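Chemist: kindly return the folded structure for what I paste below:
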Amino acid sequence: IGQYSRTVWIVFYALSASVQSVTLLFVLFFVATILFSSLLFIAEQTGSYYDEKREVWVRNDGVDSPFPSIPHCFWFVMVTLSTCGYGDQVPYTVAGKLVTSLCILTGTLLLSCPVIMISQNFRTTMEVFEEVEDELLTTLSESEDPVVVVVNPLEAKVGKKAVESKDN
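Modeler: Here you go, the predicted structure:
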């Protein structure tokens, strides 16, 4: 069914043209996750102490820290970078809140740049498809005995030669 759907082809070509943008997004997201998780862990341990009996970091108000290690910070940072913000964990210290604010701004910028590039690729692909369709309609209207074989919308072939070469 997909081979006959114009929309499926547009999505396929636009996303295949956007592979570099999406790859860059994932790489930058990964680097930002590690960076902000490390910064958040350091910021939240300021003024805290490690309870060796329970093996947890305890804040100066006596409550266990929700960020006991850098890997535990990954969830909070990924949710914050992706602009979801569940609210299941929150920073306690001023430094942690500052790191989180920078993380929010970075996440917004990280997501906005590739989205712009992907939408530009969709627009370009749509224009190419419309040009191909216009050329195909023009050729069909000028031809006396048109035979059309469409392998995919960007490789349209018009005329009896396309059918003859396929039969041979």
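Chemist: tell me, what residue is most central in this structure?
Modeler: Taking CA atoms, centre = their mean, the centroid of the chain lies closest to Val22, which sits 5.2 Å from it.
Chemist: elements contacting the host helix or strand of that residue?
Modeler: Element membership for Val22 (DSSP states H and E) is helix 19-44. Here helix 19-44 touches helix 70-81, helix 94-142, going by 3 or more CB pairs under 8 Å, 6 or more residues apart in numbering; DSSP states H and E. For every residue, glycine as well, the C-beta is placed using N, CA and C.
Chemist: list the buried ones in that helix?
Modeler: For helix 19-44, burial by neighbour count (16 or more other CB atoms under 10 Å) applies to 21, 25, 28-29, 32-33, 36-37, 39-41, 43-44.
Chemist: hmm, which of the residues you listed is lowest in pLDDT?
Modeler: Within the buried residues of helix 19-44, Ser21 has the lowest pLDDT, namely 86.
Chemist: got a list of what that one touches?
Modeler: Contact partners of Ser21, counting by CB atoms under 8 Å, 6 or more residues apart in numbering, are 113-114, 117-118, 121.
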